[in-house]
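**Q** The following block contains a protein sequence and its predicted model.
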Amino acid sequence: MPRKKRKEGAEGEGKASSVKELIKEGVGGRGGVKTKKEVDIDAWLDRNVDELVSSLGLDILGLSREEYLEVLKHPVELLYGSPTSKPDVQTMVKRFRRFADNVYPLIALALLNIREELGPEHVDFVTSNVGRAILSVAPRLYKEVVRLGREDTLPLLRRLWRVAWIEQRSKTLPTTCPKCLFNSLVKDMSCLVCGAVISEKSLKEFLGFSDMLKNYVQSLPCSELNQLLRYDYVVINGNGIKHPGDVREEGIDIEVLLDENDKTLIKDIYRKLCEEGVSLENTS
C-alpha cells in the first residue's frame, strides 16, 4: 500500500497565590480596566527600576536603562497588586522571587524581543529561565547559541524542548533531527528548530534504520508482520517505528519508504518466525 489563595507573607503582599490571581485582583481591578489615576505602574517602574534591577541581580545582563524598563514592564504589571497599593521595591522583589517560575520566562522572552543579537550572558539567562516558553523561541535561541559557539547550552535546551512538547503539544515526541538533535523533525521532513530539510536517505542513515527495522519487525506478532508485508513504507516518530496501519499522530509521524533491502529483511524474518514456525508445529 502507498504511503497533532494561599496567603502571602506579612509584608503586605495581598491574598493572591498565583500570577493569575494577582492579575484578577490587582492589574484588572474590581471594576475591570484600571485608570492611570488609580495607579501609574510606568511611573513606579521608572522611579524604582535601578534598585529593582540590582535587587533581582539582573544587572548581570548589562542592559541599558531603557531596555530594563522594557523587559520588566509586563512582570511588574502582573505583580503590582491592588490598583490602590503602592508596593515598595522589596515587596516587589519578594513577589518576583515567589512567582519566579511565572515571571522570569516573561523577562527571557522580552530580552529575546528587544535584542537583535544576544551576548553570552543573555544566552545563559534565557536558557536558565525560558522554561516551557522554549517551544515558541527555540529557532531564534538555537541560532544565537550556534552564532556564539555556546553549544554547551544545547543539552539543557533539548531537555526543555522535550518536556515542554510533552506538556503542551503531544505525549509523542517528533523524530530527532540529524542536524540539531532536537526532537523536532516533523511530517514534511523539516525541522521546527534549526529549519533544516532532511532527505529520507540522510534520516535513515542517522537512525541506523536497518537495525531499527530489524528490531521492530522481530517484535511483531505474525498477524501484524503479515500485514506489514503489504506496505511499501513504515511510520516513525520519537518513539521509533510504528505500523502503517496504526492511528497517526497528526503532523508528527513521518512515512519512510522501504527499499528492496528493507522489504527483503521483512520477508526473511516473516518466513523464519511465522512460516517456518508453522511448518515445525505441523511436523511435531
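**A** Happy to help now that I have it.
**Q** Give me the local confidence score for residue 112.
**A** We note a pLDDT of 96 for residue 112 in this prediction.
**Q** Is there a neighbour count for the nearest residue to it once chain neighbours are set aside? I'd like the number.
**A** Closest residue in space to residue 112, ignoring its immediate chain neighbours: residue 137 at 5.6 Å, by Cβ to Cβ, 6 or more residues apart in numbering. Using the backbone N, CA and C atoms, a C-beta is placed for each residue, glycine as well. Neighbour count of residue 137, defined by other Cβ atoms under 10 Å: 17.
**Q** what does residue 54 give?
**A** Using other Cβ under 10 Å: residue 54 sits among 12 other residues.
**Q** One more: the one 4 residues further on?
**A** Counted with other Cβ under 10 Å, the neighbours of residue 58 add up to 20.
**Q** if you skip the residues just before and after it, what's nearest to it?
**A** For residue 58, the spatially nearest residue (Cβ to Cβ, 6+ apart) is residue 68, at 7.0 Å.
**Q** What distance do you get for the residue nearest to residue 112 to residue 193?
**A** Note on residue 137: its distance to residue 193, by Cβ to Cβ, to the nearest Å, is 10 Å.
**Q** picking up where we left off before, buried residues of the helix or strand where the residue nearest to residue 112 lies, list them for me.
**A** For residue 137, the element it lies in under DSSP states H and E is helix 134-148. Residues of helix 134-148 classed as buried: 134, 135, 137, 138, 141, 142, 144, 145 (neighbour count, 16 or more other Cβ atoms under 10 Å).
**Q** I'd like the next helix or strand past it.
**A** Trace forward from helix 134-148 with DSSP H and E and the next one is helix 154-168.
**Q** Report the mean confidence score over the following helix or strand past that next one.
**A** Helices and strands here follow DSSP H and E; after helix 154-168, the next one along the chain is strand 175-176. Mean pLDDT, computed over strand 175-176, is 98.
**Q** Same check on stretch 133-146?
**A** 96.
**Q** How far away from the center of its chain is that stretch?
**A** 10 Å (Cα atoms, centre = their mean, to the nearest Å).
**Q** With only the CA atoms kept, save it in CSV.
**A** Only the C-alpha atoms of stretch 133-146 are listed here, as CSV (Å, rounded to 0.1, in the frame of the first residue of the first chain):
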residue,chain,number,x,y,z
ALA,A,133,8.2,29.0,26.5
ILE,A,134,11.0,27.2,24.7
LEU,A,135,8.6,25.9,22.0
SER,A,136,8.0,29.4,20.7
VAL,A,137,11.5,30.7,20.7
ALA,A,138,13.7,27.7,20.1
PRO,A,139,14.5,28.6,16.4
ARG,A,140,15.8,32.1,17.4
LEU,A,141,17.6,30.8,20.5
TYR,A,142,19.2,27.9,18.6
LYS,A,143,20.5,30.4,16.0
GLU,A,144,22.0,32.6,18.7
VAL,A,145,23.6,29.7,20.5
VAL,A,146,25.3,28.5,17.3
